[in-house]
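# model the structure of this input:
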Amino acid sequence: MAEKTFESTAPRPPWEDQRDVMARWLHRPRYEVLPFAGTADQVEQHVPKSLPVTVTASPRLGLEATVELTEALASRGFSTVPHLAARLVYDENHLSDTLTRLQEVGVRDVFVIAGDGETPVGDFSDSTQLLTAISRLRRSSPPSALTRVGVAGYPEGHPIVDDDDLFRALLDKQPLASYVVTQMCFDARAVGRWVGRARGLGLRLPVHAGVAGAVDQLKLLRVAKRIGVGSSVRFLRKHRGGAKLVRSGGYRPDRLLNELAADDIHPECRLSGLHLYTFGDVAGTERWRTELLARLTDGDHADG
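Numbers count the residues shown, from 1 in each chain. Predicted coordinates for the structure are as follows:
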């Protein structure tokens, strides 16, 4: 069964301040990469093997691209977490074969989503159906070696699903899941409100905040509009061209991390870590991470 640990209940050491929280997050974030040609080489060149790497699922490329990149990264020594999109899985046999392949390369953690495809390719149309099938396979003989299963959270809601329905679905998934990763968001208050409400409704899973890495801002605007994070789009537009979150190389999430760390002093908003969306710019995001981490651990103040 999935682990039930609620990591954020641990009392915060009295000496830990915002900078300590940010440094702790930046020591071991999750990196999200795209299943494109050349991604494995980029990751190997720029990302330490101590960091988990998650691989997205694309309706255009199909689940096979995700599995192949996961296998390639795992063979190079990375702790790799593939996204299993329900609408890209044909049936339970396809799922079983996929989990077997992942198990053979040492994958023990998967992230389950519904997927962006409008029409399912097979039997699964939402993440709950896929989670249920995975749970059944984990108990089969021989049992699956999976130890962790992640699910998504939506601080700014979903374009076509009501917030109440989203929270009900998340709580239904809780017994089948190990942790939550939030969708990309640029508004720390929205993340804090969402986590607080989820905790109030009974969510006890660890929550990792989904944060865009140091990537091109125009690309972020396009992605944010596509996935429906409305207030984040307005936030980015408002701050374009002069605010501290924008640097010559594009968007940098320093300010957002500062604000998330400030909220983290409230137990109901406590986060277990960061999930960094790289959008193809693995090198830029890793360069930003190491530079900010060095400033934090050297005693300098982070930009905010």
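
# how far off centre is the top helix by length along the chain?
For the chain, the helix with the greatest residue count under DSSP state H is helix 282-297. The gap between where helix 282-297 is centred and where its chain is centred comes out at 18 Å by C-alpha atoms, centre = their mean, to the nearest Å.

# keeping just the C-alphas, turn that helix into CSV.
Extracted in CSV, the C-alpha atoms of helix 282-297 (Å, rounded to 0.1, in the frame of the first residue of the first chain):
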residue,chain,number,x,y,z
VAL,A,282,17.6,21.9,-17.7
ALA,A,283,20.9,23.7,-17.7
GLY,A,284,19.5,27.1,-16.8
THR,A,285,17.4,25.7,-14.0
GLU,A,286,20.2,23.8,-12.5
ARG,A,287,22.5,26.8,-12.8
TRP,A,288,19.9,28.9,-11.0
ARG,A,289,19.4,26.3,-8.3
THR,A,290,23.1,25.9,-7.4
GLU,A,291,23.7,29.7,-7.4
LEU,A,292,20.8,30.4,-5.1
LEU,A,293,21.7,27.5,-2.8
ALA,A,294,25.2,28.7,-2.6
ARG,A,295,24.0,32.2,-1.6
LEU,A,296,21.7,30.8,1.0
THR,A,297,24.2,28.5,2.6
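
# which other helices and strands contact it?
Counting by 3 or more C-beta pairs under 8 Å, 6 or more residues apart in numbering; DSSP states H and E, the packing neighbours recorded for helix 282-297 are helix 18-27, strand 30-33, helix 39-46. From N, CA and C alone the C-beta is placed, and that goes for glycine too.

# strands of the chain, start to end?
For the chain, applying DSSP state E gives strands covering 30-33, 53-55, 80-85, 109-113, 148-153, 179-182, 207-212, 246-247, 250-251, 273-277.

# give me the angle between the fifth one and strand 80-85.
Translated: strand 148-153. Between strand 148-153 and strand 80-85, the angle comes out at 50 degrees (axes from the mean of the first three to the mean of the last three C-alpha atoms, to 10 degrees).

# who does strand 148-153 pair up with?
Here strand 148-153 is paired, per DSSP bridges, with strand 109-113 (parallel), strand 179-182 (parallel).

# that strand vs strand 273-277, what angle?
Going by the same axes, to 10 degrees, strand 148-153 makes 70 degrees with strand 273-277.

# pLDDT of strand 148-153, averaged?
Averaged over strand 148-153, pLDDT sits at 97.
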